[in-house]
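K.L.:
Structure for the following, please:
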Amino acid sequence: TRYWRDWSSDVCSSDLKSLGSEHLYVAESLNDLGSLYKKEGRYQEAEPLLGRAVSIRERTLGPNHPELAESLARLGAVLASQGRTEASLALYERASRTLISVRRADAGLNDDALIDLLKDGNADLRDYAKLLAVVARRPLPEFGSAKASTQAFIVAEQIRTGSSQMALARAAARSASRDPETAALVNRTQQLRDRWRAMTKRLTKEYGRTGVQPDPDRLSRLQQQEAELGRQLQEANEELRRRFPAYADLIAPDPIDPSTAVQLLDPEEALIAYLSLDDRLIAWLLRPGRSPVYRDIDVKRAELRAAVDRIRLSLDPNRPFDVIDAYGVYTKIIKPFEQDLVGVKSLLLVPDDLLLKVPFSALVTNDHGDSFRVLSERYKSHSAPTSEDFEILYPQISWLAEQNLAISVLPSATSLRALRAEVNASSDRSTG
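P.N.:
The predicted structure follows:
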């Protein structure tokens with residue numbers, strides 16, 4: 001660490017001398033050195049470096065760039081480590097909004113490219129969610145527990161950007177864009193997006209020229225052109241959202257909030273969304289006509305991952321099924337909401353990347369009875385399943401799949417917009 005710190009410091013000093021104080025490479029060096037200082041606990045030294053990186057990146061790249069979001073989040077992490085929680089939350093929120101703007105502006109990228117673009121930002125968003133979970137446990141005078149848990153839900157939705165979510169959105173979007181007026185507006189927005197991205201690349205290339213002092217007038221013209229294209233693109237996106245909100249919500253959805261999500265649920269439905277953090281699992285239950293229920297569950301992500309992996313490994317019919325972890329995972333992710341699920345007939349589950357691997361129907365809802373005891377011993381002793389196990393013991397286990405509860409898994413709560421819109425559209429076509 002010391003080697004890299006000294007090397008980064010030398011590079012930063014060299015860049016300042018050769019490139020000038022406003023160069024993008026200088027911002028990158030400041031960001032890297034500030035991040036190293038943060039890891040070493042040298043927060044007072046890290047703060048001004050990251051602050052300068054924010055200023056340079058915002059001036060040169062504009063307000064809607066992933067590199068700006070990175071520096072904002074890193075500075076927010078430094079302030080959080082110093083106990084300056086409210087200021088940290090404000091910076092993280094700026095980073096979050098910036099990444100949402102990036103998601104809108106680059107919605108035309110293919111799925112893999114967009115996921116790669118947002119990957120580093122999602123790591124910073126996890127840190128934001130961790131801080132919000134802390135505030136939900138220990139609220140601030142101006143930032144209460146309910147506000148923190150609500151914001152954490154939105155951040156969790158933002159993190160869920162993945163191939164399954166995008167595939168669902170684009171499938172519905174293709175249907176929406178068959179309308180000629182929609183298609184014309186979409187094409188105009190795409191052209192502006194392409195021009196804006198090309199101009200951003202030109203500006204970055206100009207700043208990246210080494211050994212040549214940038215021409216101030218040329219830089220100023222490029223910055224003005226990039227800003228103007230960015231303004232036109234923002235206006236086009238806003239027009240698209242205003243005139244065709246269904247299409248815009250499908251192709252580049254803003255993360256949904258709990259109050260909006262609950263309005264999309266049917267009376268006998270409930271939704272539980274999860275986000276696993278390093279030291280805990282946070283979860284939300286939504287039901288129509290009720291206030292959201294937030295749970296902060298004491299389980300480490302590594303332990304939960306290990307339990308899920310053991311369950312999946314035991315799905316092999318030649319192995320004894322892991323009823324122990326199947327019940328243990330149930331107690332962590334479903335049991336905390338048992339009383340809130342009374343009367344629910346359809347349960348929508350929104351897992352994160354870890355819980356997406358859970359075979360939910362194979363979870364066990366209680367550990368009572370001889371069958372559970374015998375199968376537990378069989379699992380511990382690695383005994384292969386017998387015909388008696390399949391015919392007598394397994395049927396006596398209390399499986400989640402047998403609880404008169406229809407279970408569906410969604411890529412995100414935000415996807416409810418697309419799903420329910422498509423259902424309504426199909427209903428209209430069939431009755432039209």
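K.L.:
Could you name the helices and strands sitting against the helix or strand Arg242 falls within?
P.N.:
Assigned by DSSP states H and E, Arg242 belongs to helix 216-243. Helices and strands touching helix 216-243, by 3 or more CB pairs under 8 Å, 6 or more residues apart in numbering; DSSP states H and E, are helix 85-105, helix 180-208, helix 245-251. C-betas here are computed from N, CA, C, even on glycine.
K.L.:
What number of residues are in the vicinity of Ser361?
P.N.:
The number of residues packed near Ser361 is 12, by other CB atoms under 10 Å.
K.L.:
do the same with Gly83
P.N.:
8.
K.L.:
Next, it: secondary structure please.
P.N.:
coil (DSSP: H, G, I helix; E, B strand; the rest coil).
K.L.:
quick revisit: least reliable of the helices and strands packed on helix 216-243 going by mean pLDDT?
P.N.:
Confidence, taken as mean pLDDT, is least for helix 245-251 of the helices and strands packed on helix 216-243 (a mean of 61).
K.L.:
Would you tell me what the next helix or strand after that helix is?
P.N.:
As assigned by DSSP H and E, the chain's next helix or strand after helix 245-251 is helix 258-263.
K.L.:
Partner strands of whichever helix or strand comes after that following helix and their direction?
P.N.:
Next helix or strand after helix 258-263 toward the C-terminus (DSSP H and E): strand 269-276. Here strand 269-276 is paired, per DSSP bridges, with strand 281-286 (antiparallel), strand 346-350 (parallel).
K.L.:
buried sites along the shortest one?
P.N.:
Right, strand 346-350. 347-350 (16 or more other CB atoms under 10 Å).
K.L.:
The first one now?
P.N.:
In terms of neighbour count (16+ other CB under 10 Å), strand 281-286 has its buried residues at 281-286.
K.L.:
ok, which pair from those is furthest apart?
P.N.:
Leu281 and Leu286 (16.8 Å; CB to CB).
K.L.:
hang on, the earlier thing: mind checking which of the helices and strands packed on helix 216-243 is nearest Ser291?
P.N.:
Distance to Ser291, taken as CB to CB, is lowest for helix 85-105 among the helices and strands packed on helix 216-243, at 22.7 Å.
K.L.:
helices and strands around that closest one, which ones?
P.N.:
Using 3+ CB pairs under 8 Å, 6+ apart: helix 85-105 touches helix 66-81, helix 111-137, helix 145-159, helix 180-208, helix 216-243.
K.L.:
I'd like the strands paired with strand 269-276 written out as CSV, with mean pLDDT and distance to Gly83 added.
P.N.:
CSV is the format used below for the strands paired with strand 269-276 (pLDDT from 0 to 100; distance: least, CB to CB, whole Å):
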stretch, mean pLDDT, distance to Gly83
strand 281-286, 98, 22
strand 346-350, 95, 33
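K.L.:
Now render these as CSV, adding distance to Gln190.
P.N.:
Compiled in CSV, the strands paired with strand 269-276 are given as follows (distance: least, CB to CB, whole Å):
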stretch, distance to Gln190
strand 281-286, 35
strand 346-350, 30
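K.L.:
Which one of those lies nearest to Gln225?
P.N.:
Of all those, it is strand 346-350 that lies closest to Gln225, at 41.8 Å by CB to CB.
K.L.:
list the buried ones in the host helix or strand of Arg59?
P.N.:
If you go by DSSP H and E, Arg59 is part of helix 43-61. Buried positions in helix 43-61, judged by neighbour count with 16+ other CB under 10 Å: 43, 46-47, 49-50, 52-58, 60-61.
K.L.:
Nearest to Arg373, out of the helices and strands packed on helix 216-243?
P.N.:
Set against Arg373 and scored by CB to CB, the helices and strands packed on helix 216-243 come closest in helix 85-105, at 47.7 Å.
K.L.:
just the angle between that closest one and helix 145-159, please?
P.N.:
30 degrees (axes from the mean of the first three to the mean of the last three CA atoms, to 10 degrees).
K.L.:
buried residues in helix 85-105?
P.N.:
Quick answer for helix 85-105 (16+ other CB under 10 Å): 85, 88-89, 91-105.
K.L.:
Return it as PDB; C-alpha atoms alone will do.
P.N.:
This file holds the C-alpha atoms of helix 85-105, laid out as PDB (Å, rounded to 0.1, in the frame of the first residue of the first chain):
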ATOM      1  CA  THR A  85     -23.100  11.700   8.200                       C
ATOM      2  CA  GLU A  86     -25.500  14.300   6.900                       C
ATOM      3  CA  ALA A  87     -22.800  15.800   4.500                       C
ATOM      4  CA  SER A  88     -21.900  12.300   3.400                       C
ATOM      5  CA  LEU A  89     -25.500  11.400   2.600                       C
ATOM      6  CA  ALA A  90     -25.800  14.500   0.500                       C
ATOM      7  CA  LEU A  91     -22.800  13.600  -1.600                       C
ATOM      8  CA  TYR A  92     -23.900  10.000  -2.000                       C
ATOM      9  CA  GLU A  93     -27.300  11.200  -3.100                       C
ATOM     10  CA  ARG A  94     -25.600  13.400  -5.700                       C
ATOM     11  CA  ALA A  95     -23.700  10.400  -6.900                       C
ATOM     12  CA  SER A  96     -26.900   8.400  -7.100                       C
ATOM     13  CA  ARG A  97     -28.700  11.000  -9.100                       C
ATOM     14  CA  THR A  98     -25.700  11.300 -11.400                       C
ATOM     15  CA  LEU A  99     -25.800   7.500 -12.100                       C
ATOM     16  CA  ILE A 100     -29.500   7.700 -12.800                       C
ATOM     17  CA  SER A 101     -28.700  10.400 -15.400                       C
ATOM     18  CA  VAL A 102     -26.000   8.200 -16.900                       C
ATOM     19  CA  ARG A 103     -28.500   5.300 -17.100                       C
ATOM     20  CA  ARG A 104     -30.900   7.500 -19.000                       C
ATOM     21  CA  ALA A 105     -28.300   9.000 -21.300                       C
END
